[in-house]
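Novice: Sequence and predicted structure, then a few things I'm wondering about:
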Amino acid sequence: MTTTFGQSTVLGYPRIGANRELKKAVESYWAGRIDAAALADTAATLRAEVWRTLRDARLDAIPSNTFSYYDHVLDTAVAVGAIPDRFTRLGLSELDTYFAMARGVDAEPALELTKWFATNYHYLVPEIGPDTVFTANPTKALAEYAEARDLGVVTRPVLVGPATFLLLAKGHDPFARLDDLVETYARILTALADAGVAWVQLDEPAYVTDRSPEEIAALRRAYTRLGDLTHRPRIFVATYFGDLGDALPALLATPVEAIGVDLVAGPDNVKRLAAAGPLRGRTIVAGLVDGHNIWRTDLRAAVATGAVLAGLADHVAVATSCSLLHVPVDLAAETRLDPRLSERLAFARQKVDEVVALGRALRDGTGQLPPPPPAAPAGWRHDDVRTRLTALRPVDRQRGDYADRVAAQRRRLALPALPTTTIGSFPQTAELRAARAEHRAGRLDDAGYVQRMRAEVAHVVRLQERLGLDVLVHGEPERNDMVQYFAEQLDGCAATEHGWVQSYGSRCVRPPIIYGDVARTAPMTVEWSAYAQSLTDKPVKGMLTGPVTILAWSFVRTDQPLADTADQVALALRDECRDLAAAGIGVIQVDEPALRETLPLRRADQQAYLDWAVAAFRLATSGVADDVQIHTHLCYSEFGEVITAIDALDADVTSIEASRSKMEVLDDLAAIGYRRGVGPGVWDIHSPRVPALDEVVEAVRRAVAAVPADRLWVNPDCGLKTRGYPEVEASLRHLVAAAARVRGD
Ligand code: GLN
Ligand code: ZN
């Protein structure tokens, strides 16, 4: 049995397969097209591929139990028996119970889905109560370990650690259950040791966020208990996404053999380790290769950091900063990228080579390291954009007085009280997707494609007129995705062909890459909006994605501050807003659904982020005259922490997800003195249910009680692209009727 950790490792690897095989298999199983055995076959093939890849790359320490049918937090819930009764009661097979927790069934809603720290991955929130009976169920971890061993690969099973698991859970004071849960982990560790497992990895990323002294003490108690077990594997506690702070000395006070730190997102961890004194008997697993972005590592700088650590600890291993789950599988699949860009990139497969090279260089010197990429091509620089940015003054982020804006907009738009509108997209039908695929494949020419999209715009405008909405949209049929659509048109941005990353369950996204100075070469949306406006006398709302969201859902360059890149995007959007206004568009919505999700994990870093985020939005939106009404839209989150920033955006109207939280956000807005227009969602579009007229009336009445009617808008929670036309028509009919009824028409 090996007891040393090895020289190089990754904290996790993409599990979806190079061609999203897992997505296809899981969705086929859900649709009843394949059975559980066929699904299990595909899964085993994918796991074997990953282990072989890692072994053939000569990675020393290989993880297992990083595969998941849906989500690794859900897997850990199953491993500790935290399956709520409402799912056990369904009497389904183990696999179907698992999918029921993930996706819900008719009778039972799914576990809540939420963001995994500051990434675009979503995990299922465990439900833990005083009555939850924890039971050790190491079956999956043991099976994967045995499966790999049969292939000749010795692995290190990975689980979410007990403290993070409870900190992510919801229920009545779940953290009070830590001691019970730790006993369950103790039984799992014993079972792993019985099977011959030498090392186990327990992930504790929750400790890179602000934690109370009690929570830190609990971490210490948990790992002291697990460390004191006489029969157990060696324990590697992995942390990632930031600075460990006071949790580091707490972990060092426990007998765990290895501690992993993220040196990309948390460079201060080096100082903390140095301050902790000699780390005798410990392995430090140095997260030197960025697992959350796609740039090649500066290997020489990484070796230098590794060498500093080597002077402190008994043993230093090189790792990715976090699981490679967050980057695409293999750069080799990208055949259409500019070679000057691809030579700067590393996807998961390439990052494995980087950790291996770094591990060797730490031991044998830097002689074998590949050369760094050449300097960035001059053409990626836009001096005009840079000159504009340096010339910016505070007034460029400032609109006219709100009272003047309201008056000018009233005169121009002449809207009724409680105006009705939608958030932008209408259903993306199978025909639209087929047309896009035909166009991509070259079977439908540009003119034919534009014609199809225009026909859809005309249809959407007619439908809205028939339904009696007040502010119309063009429906966004031409957009594959609200970020990629803009990235494809902006200089300095590139889209990938196969760069899929798991977002949640079987859902994958393909984030664009922002690699150079961002510049707009031509209007991006004006023709579509102007065409829609030409078809109606009602105002049509132009539709843009805001700078923060464009950054949040892309891989962004790291050679300049995010704030500067955000301002470059904002300038492009500012020009777009002006062109929309010049084309006669009187209402422009700039979506910022990701404003909350990129909020830094530590409070100390949050204000600086919010400052540049708000500044970029205002730069994008303040170049238009007072009579142009600027809307913004936010969703997917609890807004409490960013509510003052929402106010600071200074949009004339803010539409916001509210129906699930029963309009609570209105009280939050009132509490900070927000006094501009607001459209709390009155229809939960995440559900296929058509809300009854009375329900919508009730929601509008609740809103009117919190916000004066002259500032209140009536709209759904979010865009309608994932819904079907029958439910959209029925729901919007109720929405318009509810507004009319409350208005007293
Ligand atoms: N305008 C976008 C839409 O309607 C907004 C989507 C979002 O908030 N995520 O689809
Ligand atoms: Zn939304």
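Specialist: That came through, no problem. Source: prediction; values computed, not measured. Ligands and ions are numbered 1, 2, ... in the order given.
Novice: For the protein, which residues are neighbours of ligand 1?
Specialist: Within the chain, the positions near ligand 1 by Cβ under 6 Å from any ligand atom are 423-425, 476, 482, 543, 591, 593, 633, 635, 718-719, 721. Backbone N, C-alpha and C define where each C-beta goes, glycine included.
Novice: Among these, show me the least confident.
Specialist: The lowest pLDDT within those belongs to residue 635, with 87.
Novice: what's the closest residue to residue 657 other than its chain neighbours in contact with, if anything?
Specialist: With sequence-adjacent residues excluded and distances taken as Cβ to Cβ, 6 or more residues apart in numbering, residue 657 is closest to residue 635, at 3.9 Å. By Cβ atoms under 8 Å, 6 or more residues apart in numbering, residue 635 lies in contact with 593, 656-657, 681, 717-718.
Novice: out of those, what pair is the most spread apart?
Specialist: Maximum pairwise distance among those (Cβ to Cβ): 12.1 Å, between 593 and 681.
Novice: what sits in contact with each of the two?
Specialist: Both residue 593 and residue 681 are contacted by 635, 718, under the criterion Cβ under 8 Å, 6+ apart.
Novice: Point out where this protein drops to low pLDDT.
Specialist: 1-3, 637 (pLDDT under 70).
Novice: The same query, at a cut-off of 50, please.
Specialist: Applying pLDDT under 50 to the chain flags the ranges 1-2.
Novice: Look up phi and psi at the residue of it found nearest ligand 1.
Specialist: Checking the chain residue by residue against ligand 1 with Cβ to the nearest ligand atom singles out residue 719 as nearest, at 2.0 Å. Backbone torsions of residue 719, given as degrees, to the nearest 10, read phi -70, psi 160.
Novice: and the gap between residue 213 and ligand 2?
Specialist: 38 Å (Cβ to the ion, to the nearest Å).
Novice: for that residue, what are its contacts?
Specialist: Residue 213 neighbours (Cβ under 8 Å, 6+ apart): residue 246.
Novice: Can you tell me how far it is from residue 16?
Specialist: 40 Å (Cβ to Cβ, to the nearest Å).
Novice: Mind listing the strands the longest strand seen in the chain pairs with, and their directions?
Specialist: As assigned by DSSP state E, the longest strand anywhere in the chain is strand 279-289. Here strand 279-289 is paired, per DSSP bridges, with strand 258-262 (parallel), strand 313-320 (parallel).
Novice: Take the ones you listed and write them to a markdown table, including mean neighbour count.
Specialist: Formatted as a markdown table, the strands paired with strand 279-289 follow (neighbours: other Cβ atoms under 10 Å):
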| stretch | mean neighbour count |
| --- | --- |
| strand 258-262 | 27 |
| strand 313-320 | 25 |
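Novice: could these be laid out in CSV, adding distance to ligand 2?
Specialist: Listed next are the strands paired with strand 279-289 as CSV, based on distance: least, Cβ to the ion, whole Å:
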stretch, distance to ligand 2
strand 258-262, 30
strand 313-320, 32
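Novice: buried set for stretch 478-488?
Specialist: Residues of stretch 478-488 classed as buried: 478-487 (neighbour count, 16 or more other Cβ atoms under 10 Å).
Novice: Inside strands: which ones of these?
Specialist: Counting by DSSP E, those contribute nothing to strands.
Novice: Between those residues, which sits nearest residue 677?
Specialist: residue 482 (22.0 Å).
Novice: Could you find the closest non-adjacent residue to that closest one?
Specialist: Nearest to residue 482 is residue 545, by Cβ to Cβ, 6+ apart, at 4.8 Å.
Novice: doesn't residue 484 make contact with the one you found?
Specialist: No - between residue 545 and residue 484 there is no contact under Cβ atoms under 8 Å: 9.7 Å.
Novice: and after the helix or strand harbouring residue 48, which helix or strand comes next?
Specialist: Assigning secondary structure by DSSP states H and E places residue 48 in helix 36-56. Scanning forward in sequence from helix 36-56 by DSSP H and E, the next helix or strand is strand 62-64.
Novice: Can you tell me the SS state at the nearest residue to residue 695 once chain neighbours are set aside?
Specialist: Closest residue to residue 695 apart from its sequence neighbours, by Cβ to Cβ, 6+ apart: residue 734 at 8.0 Å. Following DSSP: H, G, I helix; E, B strand; the rest coil, we place residue 734 in the helix state.
Novice: Residue 734: what's it in contact with?
Specialist: Going by Cβ under 8 Å, 6+ apart, residue 734 touches 683, 690-693, 695-696.
Novice: Need the residue closest to the centroid of this structure.
Specialist: residue 120 (1.2 Å; Cα atoms, centre = their mean).
Novice: measure it to residue 465 for me?
Specialist: 37 Å.
Novice: All good on my end, thank you.
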